[in-house]
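[1] Okay, predicted coordinates and the sequence, questions at the end:
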Amino acid sequence: MTTPPLLPSILLVGCGKMGGAMLEGWLARGLAPSVVMDRHLAELPAPHRVVRSLDTIPADFKPDIILVAVKPQKANGVLAELAQRFPNGTLLSVMAGRTIASLLAACQEGNATASPMIIRSMPNTPSALGAGMSGLYAPPEASEKQKKQCDQLLSAVGETVWVEQEGLIDSVAAISGSGPAYVFLLAELLEQAGVEQGLDAKTARALARGTIYGAGQMLHQLPTDAAELRRNVTSPGGTTEAALKVLMASDAWPHAVSTAIAAAVKRAKELAS
């Protein structure tokens, strides 16, 4: 049996929920010797290592990709430091809202001659289970090698799509980056409604989660359009139709979901400034 090639080596800066989710997937898949810079993470299995600050990174370590997964509001100081040590590295940002221009400006605050290649991505937390969904954007000057290495990392923990305009990353963030939270909220609400209708909490939870899992599998495995799958479940005059009349009213889900996504996109753009 052929051993799959190792993923590119990384310097992962920040290992919170998103960074940690991706790291779990990469370690399971097989990662070239890498370094994680984080104040709270425990040790990693060799040959990987954890450092607490930039000046403790081994002097001979030259990562293929520098992946920045800190909070957008805290990125400037980190990027200024990184630009001193890796002025021309390939930087993959998973931060919502932060544009390439703003990231480059932050790098040049620390090193005026820094010229990193910056690629943006928006993954999501199911990456920890190899079921992530990531959108990426690369500027025209990015090389095929740089794009391939970024794609290798993110496709190792799920599926990837590339967008042709940087601004569309904000839409990706609102749909798939934040999307798991919307699904989890639906699970919560289905559980609560089940209890309201007389089910015990354990049964309501099993029904809600099992239903979302099964429907997700159908969406993932079947080529059928989501609207057609919905219609296939909806018998005229039946229980599903009765529920959908409420959910699909113009002031219900169609309005709420559209408004919610617009709010997420708006917030992503606010984070850029």
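    Cool, got the structure.
[2] where does this protein dip in pLDDT?
    1-5, 273 (pLDDT under 70).
[3] ranges for the strands of it?
    Assigned by DSSP state E, the strands in the chain fall at 10-13, 35-37, 49-51, 65-68, 90-93, 117-122, 132-137, 158-162.
[4] Could you list the paired strands of the first one along with their orientation?
    In other words, strand 10-13. With DSSP bridges as the test, strand 10-13 is paired with strand 35-37 (parallel), strand 65-68 (parallel).
[5] ok, the residue nearest to S9 when sequence neighbours are not counted to E191 distance?
    Leaving aside its sequence neighbours, S9 sits nearest to A32 (CB to CB, 6 or more residues apart in numbering; 3.9 Å). In this view, the C-beta of every residue, glycine as well, is placed from N, C-alpha and C. Using CB to CB, to the nearest Å, we find A32 at a distance of 42 Å from E191.
[6] these two touch, right, the residue nearest to S9 and W26?
    No. If you go by CB atoms under 8 Å, A32 and W26 don't touch, sitting 9.7 Å apart.
[7] Tell me the spacing between the residue of the chain positioned farthest from its centre and K245.
    Most distant residue from the mean C-alpha position of the chain: G237, 40.1 Å away (CA atoms, centre = their mean). Note on G237: its distance to K245, by CB to CB, is 11 Å.
[8] of A32 and E191, who's got more company?
    For A32 versus E191, neighbours defined as other CB atoms under 10 Å are more numerous around E191 (20 against 15).
[9] closest to A187 out of the strands paired with strand 10-13?
    A187 lies closest, by CB to CB, to one member of those: strand 65-68, at 29.8 Å.
[10] Okay, buried residues for the closest one please.
    Under the neighbour-count criterion of 16 or more other CB atoms under 10 Å, strand 65-68 has 65-68 buried.
[11] cool, stretch 48-58 as well?
    Buried residues in stretch 48-58 (16+ other CB under 10 Å): 48-51, 57.
[12] The residue nearest to L271 when sequence neighbours are not counted: what's it in contact with?
    Excluding its sequence neighbours, the residue lying closest to L271 (CB to CB, 6+ apart) is G97, at 2.7 Å. Counting by CB atoms under 8 Å, 6 or more residues apart in numbering, G97 makes contact with 72, 170, 173, 267-272.
[13] From G19, how far off is H40?
    11 Å.
[14] Who has more neighbours out of these two?
    The neighbour comparison of H40 against G19 (other CB under 10 Å) goes to G19, with 22 against 9.
[15] Tell me if I'm right that that one and A69 touch.
    Yes. With contact defined as CB under 8 Å, G19 counts as touching A69 (3.5 Å).
[16] Before I go, just wanted to say thanks for your time.
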